[in-house]
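K.L.:
I'll drop the sequence and a predicted model, then ask my questions.
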Amino acid sequence: MKIFRLSLLTASISLILVSCNKNELQTINEEKNIKLKSMAVASTTFNWENVERMPVPINHPTILSPWSSGANIAFPAFFIEDRFKSNGWELVYNSFSTTETVNPKFFIIYNKFRGLLRAFFYLDPISPIPSTYVTHSLKLKDNASIPVLNYGSDEIASLVKNAKEISQVQPYRTSATGCWYAAEFEINYTPAIRNMPAQGSLLQWDVNSTNISQITINGTSEGTIKGTMTQSVAGPENILNSSLKGTVMLYGKHLGDSMLKEINENKLIKSEYLLNFASSLASGGYAAAAGKVLSAIFGGSSTTTSQVINLKSTTSYKLSGSVNDSYLIAAPVLVPPGASNSSNSLGILPLYNKVLGVFTLDKTPIVNATAKEEWYTERGMPGDRDERFSIYNPSDYRLVQNSYNILFNPDIINTSPDGARVENLKQELVQREKDGNLINVFPINYEFSSHYRITVGNIGWDGNGGYIPQPASPSPWDSNEQLMTGFFLRISFDVVPNNGSSRTKIVKSFKIKANPIDIKS
């Protein structure tokens with residue numbers, strides 16, 4: 001099926017000014033400038049926390065809000081309970097209005113204490129579209145290169161390679177009777193946004209309806225994808241027929257038993273790693289569970305016994321199947337909050353115009369190592385070769401703590417009534433074991449002393465009292481990247497709002513850079 005878009009071409013009528021004075025020309029130029037500056041569409045505010053019906057022009061069909069009784073919704077149900085300004089939510093974008101109808105119909109709220117954008121899109125009643133999944137993609141428009149999406153698609157954040165897109169697949173179908181869809185995206189703090197023109201840092205939110213048949217996950221036939229699958233690939237078709245490494249996002253309240261049930265029922269993510277997390281959550285609460293994972297956000301409720309959890313768990317999976325139909329049903333362009341010259345840009349202007357994100361690191365953390373070179377000879381029986389080899393024994397192998405700085409967003413972390421403070425800041429080295437199920441935790445100043453044998457040269461016995469040099473096997477390591485396999489820097493802290501509302505705990509792990517080993521003979 002092909003969809004054709006018709007554009008209405010309007011003819012320009014040239015006005016020939018037979019005589020015009022300087023003031024008339026100035027007026028014409030001012031009007032032209034006003035039109036240029038109004039390319040961006042302004043958002044309008046409304047009582048989004050408690051509204052029962054969305055703002056629409058008089059005599060237009062009523063649209064129930066996502067949290068109104070009777071509304072059709074296709075998103076995690078706890079979004080309805082977790083929406084209040086007192087817990088950090090702000091209205092950022094909105095296309096609903098009582099004076100005009102703007103399509104697509106959507107609004108986006110942002111939790112400033114968690115760094116989460118939550119986007120709601122309303123699909124008007126339409127002819128049925130064959131669909132099995134809805135895909136939400138938040139991407140950098142026009143190939144912009146800013147790190148605002150680096151936290152959203154992996155449980156281990158990189159400060160080197162900027163993510164261009166976060167794509168989420170949700171197990172919901174499109175409805176012909178009018179329905180709300182929603183997705184949540186984690187945004188990391190990017191200080192450079194304050195000095196960037198909006199036109200070079202625009203975001204675009206694509207909503208696709210996809211009809212996929214014969215879904216197979218890792219070789220096993222499945223009826224549906226459970227949970228929200230997230231990866232840095234473009235478009236719904238690209239998740240099929242290839243091996244991917246992405247995250248499955250789990251949402252839920254602070255109920256360890258319900259989380260255990262969800263993990264056990266989802267074959268894609270069921271692992272000892274997540275079961276340990278859920279058990280810790282049930283027995284020790286979110287503070288204990290935070291020590292068992294690499295990336296999570298705990299917070300959102302007004303009580304300490306019912307915390308909302310946004311957890312990412314990286315897994316490798318292979319999806320097979322075929323895409324029968326795919327429809328782009330919305331693609332609003334968003335001007336990023338805090339960017340300069342925003343009124344001159346295409347897109348929807350933000351109501352909340354402070355830079356998004358809670359924190360980041362200014363540079364990638366570095367690990368240095370020095371190693372002492374020692375030679376050994378193993379003598380064989382007469383006629384056999386003697387082997388001479390060396391051992392590199394890393395004697396000073398630790399994180400360089402002044403190689404990076406933690407940058408907190410001053411628009412969030414401040415002493416104002418709407419701000420918050422940071423408590424319980426921890427920096428730790430964590431190692432994920434090869435099976436991926438367990439993580440080991442080390443202090444930030446931990447010095448590793450494991451021995452690593454690396455053969456750098458052989459001397460072979462020639463059988464006649466002489467030696468024949470042999471090539472090195474394997475080649476000497478020129479960096480300690482291999483020593484650092486599975487090691488990350490984990491940072492965790494509590495965001496405590498100054499207004500007395502519930503705190504949020506943020507856990508984020510970062511990739512580290514290993515410098516070449518300094519060999520001491």
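P.N.:
Happy to help now that I have it.
K.L.:
Could you pull out the buried residues of the helix ranked longest in the chain?
P.N.:
Using DSSP state H, we find that the single longest helix of the chain is helix 272-290. If you call a residue buried by 16 or more other C-beta atoms under 10 Å, then helix 272-290 has these buried ones: 273-282, 285-287, 289-290. The C-beta positions use only the backbone N, C-alpha and C, and glycine is treated the same way.
K.L.:
So for that helix, mean pLDDT?
P.N.:
The average of the pLDDT scores along helix 272-290 is 81.
K.L.:
pretty sure residue 211 is in contact with residue 135, am I right?
P.N.:
No. Checked against C-beta atoms under 8 Å, the pair residue 211 and residue 135 is beyond contact range at 11.4 Å.
K.L.:
Counting neighbours, go ahead and name the busier of those two.
P.N.:
The residue with more neighbours, out of residue 211 and residue 135, is residue 135; 23 against 18, by other C-beta atoms under 10 Å.
K.L.:
Quick one, grab the pLDDT at the more buried one.
P.N.:
The model's pLDDT for residue 135 equals 84.
K.L.:
Backbone dihedrals for it, please?
P.N.:
For residue 135, the backbone dihedrals are phi -110, psi 130 (criterion: degrees, to the nearest 10).
K.L.:
do the one 5 residues further on as well
P.N.:
Phi and psi for residue 140, reported as degrees, to the nearest 10, are phi -80, psi 120.
K.L.:
how far away is it from residue 76?
P.N.:
26 Å (C-beta to C-beta, to the nearest Å).
K.L.:
Repeat that for residue 364.
P.N.:
Where residue 76 is concerned, residue 364 sits at a distance of 33 Å (C-beta to C-beta).
K.L.:
More neighbours: those two, which one.
P.N.:
Per other C-beta under 10 Å, whichever of residue 364 and residue 76 has more neighbours is residue 76, with 19 against 16.
K.L.:
Just confirm that one is within a strand.
P.N.:
No. Counting by DSSP: H, G, I helix; E, B strand; the rest coil, residue 76 falls outside a strand, being coil.
K.L.:
Could you confirm residue 188 falls within a strand?
P.N.:
No. According to three-state DSSP, residue 188 belongs to no strand; its state is coil.
K.L.:
That one: what's it in contact with?
P.N.:
By C-beta atoms under 8 Å, 6 or more residues apart in numbering, the contact list for residue 188 reads 115, 147-152, 157, 357, 359-360.
K.L.:
which of those residues lies closest to residue 299?
P.N.:
residue 115 (10.6 Å; C-beta to C-beta).
K.L.:
so of the contacts of residue 188, which ones are in strands?
P.N.:
Those of the contacts of residue 188 mapping onto strands are 157, 359-360, per DSSP state E.
K.L.:
From these, keep the buried residues only.
P.N.:
157, 359-360.
K.L.:
Pick out the lowest-pLDDT one from these.
P.N.:
residue 157 (89).
K.L.:
That residue reaches residue 508, doesn't it?
P.N.:
Yes. Look at residue 157 against residue 508 with C-beta under 8 Å: they come within range, at 6.0 Å.
K.L.:
shared neighbours of these two, anything?
P.N.:
Common neighbours of residue 157 and residue 508, using C-beta under 8 Å, 6+ apart, are 151, 295.
K.L.:
Looking at the buried ones among the ones in strands among the contacts of residue 188, which is nearest residue 68?
P.N.:
Checking these one by one against residue 68 (C-beta to C-beta), the nearest turns out to be residue 359, at 35.4 Å.
K.L.:
ok, that closest one to residue 502 distance?
P.N.:
With C-beta to C-beta as the criterion, residue 359 and residue 502 are 19 Å apart.
K.L.:
before we move on, the earlier item: format the buried ones among the ones in strands among the contacts of residue 188 as a markdown table; extra columns: distance to residue 70.
P.N.:
As requested, these are exported to a markdown table (distance: C-beta to C-beta, whole Å):
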| residue | distance to residue 70 |
| --- | --- |
| 157 | 41 |
| 359 | 40 |
| 360 | 42 |
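K.L.:
so which of the residues you listed comes closest to residue 413?
P.N.:
Nearest to residue 413, judged by C-beta to C-beta, of these is residue 359 at 7.9 Å.
K.L.:
Distance check, the closest one against residue 115.
P.N.:
When residue 359 is compared with residue 115 (using C-beta to C-beta), they lie 8 Å apart.
K.L.:
Identify the contacts common to those two.
P.N.:
Counting by C-beta under 8 Å, 6+ apart, the residues touching both residue 359 and residue 115 are 188-189, 506.
K.L.:
Pull the number of nearby residues for residue 47.
P.N.:
Count around residue 47 with other C-beta under 10 Å applied: 10.
K.L.:
scratch that, residue 192 is what I was asking about
P.N.:
12.
K.L.:
which SS class is it?
P.N.:
helix.
K.L.:
who touches it in this structure?
P.N.:
residue 146.
K.L.:
Quick check: it vs residue 359, distance?
P.N.:
Residue 192 is 15 Å from residue 359, by C-beta to C-beta.
K.L.:
and if you look at residue 145?
P.N.:
On the measure of C-beta to C-beta, residue 145 and residue 359 end up 21 Å apart.
K.L.:
Nearest spatial neighbour of residue 289, chain-adjacent residues omitted?
P.N.:
If the residues on either side of it in the chain are set aside, residue 289 comes closest to residue 281, at 4.0 Å by C-beta to C-beta, 6 or more residues apart in numbering.
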